[in-house]
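Asker: fold the stuff below for me.
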Amino acid sequence: MKKTISILIPCYNEEENVVPMSEAIVDLFETQLTEYNYELVFIDNDSHDKTRELLREICSKNPNVKAIFNAKNFGQFNSPYYGMLQTTGDCTISMVCDFQDPIELIPQYIKEWENGYKIVIGIKTSSKESKLMYLMRSIYYKMIKRFSDVEQIEHFTGSGLYDRSFIDVLRDLKDPKPFMRGIVAELGFKRKEIPYEQPQRRAGKTHNNFYTLYDAAMLSITSYTKIGLRLATFAGCACGGISILIALVYLIMKLVMWNQFQAGMAPILIGMFFLGSIQLFFIGFIGEYVLSINERVMNRPLVVEEERINFTGDKEL
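Answerer: This is a model prediction of the structure:
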């Protein structure tokens, strides 16, 4: 009996890429991977262009292609995670829609899976994107890896193959704010890493901006590190110690040179502004942790669906 490979493609405003992507993957299975059945699942995160119209047309021509339309944009983490839980294959391969995860990786993923690995992931060794952006990502990964209590995988974006047994682990996790990169490192099975060079986006514009990158960074920091809280404690102790030291110096100078020494208001104002800025920074930092806790406590659904196409039976939880 043939094994079934599920391919998950999250998308958002990808009207220029969904058709070429679907054609490329279908052709791959019909020419190189004929010994496998496949299902191709697109999960659309409330696109505002022609993406949904094109997906309906693709699904009408091929029953192996399925689509989930979200009721709204549920973010860059929830939507792919939820889509993985809806797949039904013996394994699930997650890839982006803009061809920055090369489809040539799919046969390599499957080969290592057949060799016994439950998780096979792609690791960027280089990128044709902005060199500055790649450098900043490298610094970020090294920082998180250094301070995290859990192993962190450098330059892992989420692209990879996940065995059905690991998908079941994700389904039982019930995490309303999942961070897939951390979950793979923390809860995943023994994995195989496949190096690749990330190509440039094939068409369209990237949807990443400062806010989305900041959101990803804060989610990883608040989920897998204590560095923010520890920094607040250490900085508070250091500032307190420095303040006491300065106060003693001023006291001694005043006692020794009672009439000559004039401290003035400048040191007091500078100290107030300095300590105030330190406090505001760490109040915000601690707020990120509180926000992360709040989102998990509310236990809202990962995604609310508006429509699904070519699915049969009850949906996966």
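
Asker: for the stretch 51-200 of the chain, what spans make up the strands?
Answerer: 65-70, 91-94, 119-127, 160-163, 191-198 (DSSP state E, counting those that start in this stretch).

Asker: in this structure, which helix or strand is least confident?
Answerer: Sorting the helices and strands of the chain by mean pLDDT, DSSP states H and E puts helix 210-224 at the bottom, at a mean of 61.

Asker: circling back: I'd like the strands of the stretch 51-200 of the chain as a markdown table, with mean neighbour count and mean pLDDT appended.
Answerer: In this view, the C-beta of every residue, glycine as well, is placed from N, C-alpha and C. Shown next, in a markdown table, are the strands of the stretch 51-200 of the chain (neighbours: other CB atoms under 10 Å; pLDDT from 0 to 100):
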| stretch | mean neighbour count | mean pLDDT |
| --- | --- | --- |
| strand 65-70 | 23 | 96 |
| strand 91-94 | 26 | 95 |
| strand 119-127 | 19 | 86 |
| strand 160-163 | 26 | 94 |
| strand 191-198 | 16 | 88 |
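
Asker: take those strands and lay them out in a markdown table including distance to residue 11.
Answerer: Shown next, in a markdown table, are these (distance: least, CB to CB, whole Å):
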| stretch | distance to residue 11 |
| --- | --- |
| strand 65-70 | 9 |
| strand 91-94 | 12 |
| strand 119-127 | 18 |
| strand 160-163 | 18 |
| strand 191-198 | 18 |
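
Asker: of the ones you listed, which is nearest residue 306?
Answerer: Relative to residue 306, the nearest member of these by CB to CB is strand 65-70, separated by 4.7 Å.

Asker: what packs against the closest one?
Answerer: Here strand 65-70 touches strand 36-44, helix 51-61, strand 305-309, going by 3 or more CB pairs under 8 Å, 6 or more residues apart in numbering; DSSP states H and E.

Asker: list the buried residues in the shortest one.
Answerer: Of all the residues in strand 305-309, those buried under the rule 16 or more other CB atoms under 10 Å are residue 309.

Asker: which residues touch residue 192?
Answerer: By CB atoms under 8 Å, 6 or more residues apart in numbering, the contact set of residue 192 is 112, 115, 117, 119-121.

Asker: avg pLDDT for stretch 18-30?
Answerer: Averaging pLDDT along stretch 18-30 yields 94.

Asker: any chance you could map the helices in the stretch 151-300 of the chain?
Answerer: Using DSSP state H, counting those that start in this stretch, the helices of the stretch 151-300 of the chain run over residues 164-173, 180-187, 210-224, 227-256, 266-298.

Asker: which of the ones you listed comes out lowest on mean pLDDT?
Answerer: helix 210-224 (a mean of 61).

Asker: in the stretch 1-150 of the chain, which ranges drop under the pLDDT threshold?
Answerer: Where the stretch 1-150 of the chain drops to pLDDT under 70, the residues are 129-138, 140-150.

Asker: neighbours around residue 117, how many?
Answerer: 18 (other CB atoms under 10 Å).

Asker: coming back round to it: reformat the contacts of residue 192 as JSON lines; add distance to residue 66.
Answerer: Output for the contacts of residue 192, formatted as JSON lines (distance: CB to CB, whole Å):
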{"residue": "112", "distance to residue 66": "25"}
{"residue": "115", "distance to residue 66": "28"}
{"residue": "117", "distance to residue 66": "26"}
{"residue": "119", "distance to residue 66": "23"}
{"residue": "120", "distance to residue 66": "23"}
{"residue": "121", "distance to residue 66": "24"}
